[in-house]
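Enquirer: how would this look folded up:
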Amino acid sequence: MEESVYESVLCVKPDVHVYRIPPRATNRGYRAAEWQLDQPSWSGRLRITAKGQMAYIKLEDRTSGELFAQAPVDQFPGTAVESVTDSSRYFVIRIEDGNGRRAFIGIGFGDRGDAFDFNVALQDHFKWVKQQCEFAKQAQNPDQGPKLDLGFKEGQTIKLNIALASWPLREKCKSNPVDWLGCDSFSRLEETNI
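Expert: Residues are numbered from 1 along each chain as shown. Modelled structure (predicted):
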């Protein structure tokens, strides 16, 4: 029986620009300065969703919500999302259609705060995925964790000092050394600690 998995929204940014990017000539990384930043190919809304361990970057129309492109992200950082080398506001993502075709496009944010939120949403999701994997491993092997032994060892003792809470009871115990409430032992403790 398959476990039901729900889709959650991690981040929504209302203003994102898409750029056609030239093929990477060397292994040095992508540069946003080579993208014709004043002429984006498309502008719209970006939504990051998560379903199970996968995250999805969805580019949608601002008004209708129609899907323009989608990039499944199975790990971060990775090949599905790369930062550019010359700016913190631009990224290269690998979009996929349902038929297995892939393409790399550039996305950019007008505000550094939006780019930061995009980056942190992906980091937080994959940090959560890593924690879930660790919890699953610990659940399978519960004996491997450190054991906490709070019992007394043989011959180990402890000492408790108990003080009276109210003054009238203390005065009563001093005036009557033998009391059915056991105040006599409290007065002896009081005499030895002074």
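
Enquirer: gap between the longest helix anywhere in the chain and the chain center?
Expert: Counting residues, the longest helix in the chain under DSSP state H turns out to be helix 112-140. Remark: helix 112-140 is offset 5 Å from the chain centroid, using CA atoms, centre = their mean, to the nearest Å.

Enquirer: packing partners of that helix?
Expert: Applying 3 or more CB pairs under 8 Å, 6 or more residues apart in numbering; DSSP states H and E, one finds that helix 112-140 contacts strand 7-19, strand 42-51, strand 54-60, strand 90-96. For the C-beta atoms, the positions are set from N, CA and C on the backbone; glycine is no exception.

Enquirer: which stretch among those strands comes nearest residue 106?
Expert: Closest of the helices and strands packed on helix 112-140 to residue 106 is strand 7-19, at 3.8 Å (criterion: CB to CB).

Enquirer: name every strand pairing with that closest one and say which way it goes.
Expert: Partner strands and pairing direction for strand 7-19 (DSSP bridges) are strand 42-51 (antiparallel), strand 102-108 (antiparallel).

Enquirer: let me see the residues that make contact with the longest one.
Expert: Judged by CB atoms under 8 Å, 6 or more residues apart in numbering, the contacts made with strand 42-51 from elsewhere in the structure are 5-18, 55-62, 65, 68, 107, 118, 121-122, 125.
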